[in-house]
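In: Only the shape, not the letters, is given here:
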């Protein structure tokens, strides 16, 4: 059955409905989505989009529920972020918007690039609080390319932002956050974040994103 709980983060209370993961209990997901403000849909980076993912998406769509995607199990040998993302875009549309991507998915995963802050979040072996670092030279070109794609996605959902984007060639962090908030609420954008729940990697950043939106 679904479990109701809450947590306090940055002086804000977040009410959580934890639904069963097995497809057999999809009725619990359906009823929970009727009352939830936002759904955090967790995907396994080893398996990509599964039948249960598609079913949960369909019910979120029917209830007009905003969705945040969290790609988990990035520390596993067979994890494949790019393939999972490709499946998500094929199944859920162009609104799927990457705001984080892993630097070293697979055995030893401990870092991801945050495209809003343009920083690298690096974790100790046992996870916990991240060290926030400048993006290494080896990742700069990819990070800049992916941020440009993200900004285009954000700007496309708002005519005024699109004009600013064409004028300046980019958006400020505050403008990006506002666009994400509006796009998420209107179900034009579905942010994609990275987590490694086994070692508590990326969870704090996900919580911060929820409290800000």
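Out: That came through, no problem. In this text the structure is predicted, and so the values were computed from the model without any measurement.
In: Tell me which helix or strand in this protein has the weakest average pLDDT.
Out: helix 159-168 (a mean of 80; mean pLDDT, DSSP states H and E).
In: Return the list of helices and strands in contact with it.
Out: Contact partners of helix 159-168 among helices and strands, from 3 or more Cβ pairs under 8 Å, 6 or more residues apart in numbering; DSSP states H and E: helix 137-156, helix 173-185. For every residue, glycine as well, the C-beta is placed using N, CA and C.
In: rank those by mean pLDDT and give me the bottom one.
Out: Of all the helices and strands packed on helix 159-168, the segment with the smallest mean pLDDT is helix 173-185, scoring a mean of 88.
In: Next, count neighbours for the closest residue to residue 45 other than its chain neighbours.
Out: Once flanking residues are discounted, residue 45 sits nearest to residue 79: 3.8 Å by Cβ to Cβ, 6 or more residues apart in numbering. A count of nearby residues for residue 79, using other Cβ atoms under 10 Å, gives 23.
In: Residue 79 belongs to a helix, doesn't it?
Out: No - the assignment for residue 79 is coil, going by DSSP: H, G, I helix; E, B strand; the rest coil, so no helix is present there.
In: who are the neighbours in contact with it?
Out: The contact partners of residue 79, by Cβ atoms under 8 Å, 6 or more residues apart in numbering, come to 45-46, 73, 105-106, 109.
In: what ranges do the strands span in this structure?
Out: With strands called from DSSP state E, the chain shows them at 3-9, 12-18, 39-44, 67-72, 96-98, 100-102, 111-114, 119-124, 127-133, 190-194.
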